[in-house]
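[1] A structural model of the following input is requested.
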Amino acid sequence: MSGINSMLDLQGYRREARSAYDVDFCFRPLFIAMVNLMNSKKTDLTETDLPKACDYIAKQFAAHSWWPTEQPGEAKREFDLMKGSATALNVWCERWLDAGQCKKMEKELRS
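    Numbers count the residues shown, from 1 in each chain. Alright, predicted model coming up:
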């Protein structure tokens, strides 16, 4: 019972997978956790990151009239108010940026 179709049941005992449903049932929680991790847009800016993050965001506003995708005018007004501290900018990023935009900003900050 050590073949490729072998899996653990809910009690931790090894058994043969009888169907695709068994495999799906077993791995669904892991898959959901991985998707949630990939889609997480938690930013963790520090005070040392603040000038570079503000420059990046200002450049994005200047280069793209649609950035960020939801209500860019309101986002820009709030950015002008919240760019003074890293804590406030973290809140702004979580509210206005999607996961992809957060990742691009993090990548830019780390380069």
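
[2] count the residues that sit near Asp49.
    Around Asp49 there are 19 other residues, counting by other C-beta atoms under 10 Å. Using the backbone N, CA and C atoms, a C-beta is placed for each residue, glycine as well.

[3] that one: what's it in contact with?
    86, 109 (C-beta atoms under 8 Å, 6 or more residues apart in numbering).

[4] repeat that for Trp66.
    Neighbouring residues of Trp66 by C-beta under 8 Å, 6+ apart: Pro72.

[5] ok, it to Ser85 distance?
    Trp66 sits 27 Å away from Ser85, going by C-beta to C-beta, to the nearest Å.

[6] with Asp98 instead?
    Applying C-beta to C-beta to Asp98 and Ser85 gives a distance of 23 Å.

[7] domain ranges for the chain?
    Using automatic domain parsing, the domain parsing of the chain gives 6-39, 50-110.

[8] would you single out the least confident of these?
    When the domains of the chain are compared on mean pLDDT, domain 6-39 scores lowest, with a mean of 56.

[9] ranges for the helices of this structure?
    With helices called from DSSP state H, the chain shows them at 20-39, 50-63, 72-82, 86-96, 99-110.

[10] ranking these by burial, who's on top?
    Burial of the helices of the chain is given as mean neighbour count (mean count of other C-beta atoms under 10 Å); helix 86-96 ranks first at a mean of 17.

[11] now the angle from it to helix 99-110?
    Angle of helix 86-96 versus helix 99-110, following axes from the mean of the first three to the mean of the last three C-alpha atoms, to 10 degrees, is 150 degrees.

[12] contacts for helix 86-96?
    Contacts of helix 86-96 (C-beta under 8 Å, 6+ apart): 41-47, 49-50, 53-54, 68, 70, 75, 78-79, 82-83, 102, 105.

[13] again, only using 6 Å
    43, 45-47, 50, 68, 75, 79, 82 (C-beta atoms under 6 Å, 6 or more residues apart in numbering).
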